[in-house]
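1. No sequence on hand, only this structure:
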């Protein structure tokens, strides 16, 4: 449900960021504006740097402070609610950073960032439930399911999300949860926006 709704945010922010950079006609000015924006974002949220697979690997290994470490807020990493809040803000700005990079003339795509976004959202859900004591969830499984659901909903490619993540992680035992989360995320995204960002 969370990732399905997030895909709507991603599609909307995609339109806003691309529209903003489309108005800048001078290529040097476009690069400068994009560079400054990315510099500020990476300074505040170091986990935005690169694809983000290092952060996901650390989260999968149980290092739940990896997302906030090396940031100016790292001294608060022992507070679970700060880690969750920082993760939420990071995931919101991950899509902005990706779209600024592409719109300003940088190389890349939305495939890897979609995986990272899904993984972090899965971490947020599981870590929040664990912190509140509602249940004791396996965080790694939620990260993996989140990655599949993000591919399915953001790119409108549910089968790709399911089988690719199962193949990458070797998580065939999670095939049914991957199918459920990806299908829910996809149908929510599809009901809100008929076309994927690629089709648009």
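-> Received the coordinates, thanks. Just so you know, these numbers come straight off a predicted model, no measurement behind them. Numbering: from 1, shown residues only.
2. just the helices in the protein please.
-> Secondary structure of the chain (DSSP state H): helices at 2-22, 27-44, 53-60, 80-103, 111-132, 139-154, 158-169, 175-192.
3. any idea how far the fifth one is from the chain center?
-> Taking the mean of its C-alpha atoms, helix 111-132 sits 8 Å from the chain's own mean (Cα atoms, centre = their mean, to the nearest Å).
4. Phi first, then psi, for the residue located most distally from the centre of the chain.
-> What lies farthest from the middle of the chain is residue 26; by Cα atoms, centre = their mean that is 30.3 Å. Residue 26 adopts backbone torsions of phi -70, psi 120, taken as degrees, to the nearest 10.
5. so can I have JSON lines of the helices of the chain showing mean neighbour count?
-> C-beta coordinates here come from the backbone N, C-alpha and C atoms, glycine included. What follows is the helices of the chain, written out as JSON lines (neighbours: other Cβ atoms under 10 Å):
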{"stretch": "helix 2-22", "mean neighbour count": "18"}
{"stretch": "helix 27-44", "mean neighbour count": "14"}
{"stretch": "helix 53-60", "mean neighbour count": "18"}
{"stretch": "helix 80-103", "mean neighbour count": "20"}
{"stretch": "helix 111-132", "mean neighbour count": "22"}
{"stretch": "helix 139-154", "mean neighbour count": "28"}
{"stretch": "helix 158-169", "mean neighbour count": "18"}
{"stretch": "helix 175-192", "mean neighbour count": "19"}
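6. Tell me which of these lies nearest to residue 66.
-> Of all these, helix 53-60 sits nearest to residue 66, with 3.3 Å by Cβ to Cβ.
7. which helices and strands sit right next to the closest one?
-> Packing contacts for helix 53-60, counted by 3 or more Cβ pairs under 8 Å, 6 or more residues apart in numbering; DSSP states H and E, involve helix 111-132, helix 139-154.
8. Make a markdown table from these and add distance to residue 194 and mean pLDDT to it.
-> As requested, the helices and strands packed on helix 53-60 are exported to a markdown table (distance: least, Cβ to Cβ, whole Å; pLDDT from 0 to 100):
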| stretch | distance to residue 194 | mean pLDDT |
| --- | --- | --- |
| helix 111-132 | 19 | 91 |
| helix 139-154 | 13 | 90 |
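9. Pipe these into a markdown table and attach distance to residue 104 per row.
-> Shown next, in a markdown table, are the helices and strands packed on helix 53-60 (distance: least, Cβ to Cβ, whole Å):
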| stretch | distance to residue 104 |
| --- | --- |
| helix 111-132 | 15 |
| helix 139-154 | 21 |
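10. which one of those helices lies closest to residue 8?
-> So among the helices and strands packed on helix 53-60, helix 139-154 is nearest, using Cβ to Cβ, at 8.8 Å.
11. Tell me which residue is most central in the chain.
-> Note: the chain centre (Cα atoms, centre = their mean) maps to residue 117, 1.0 Å.
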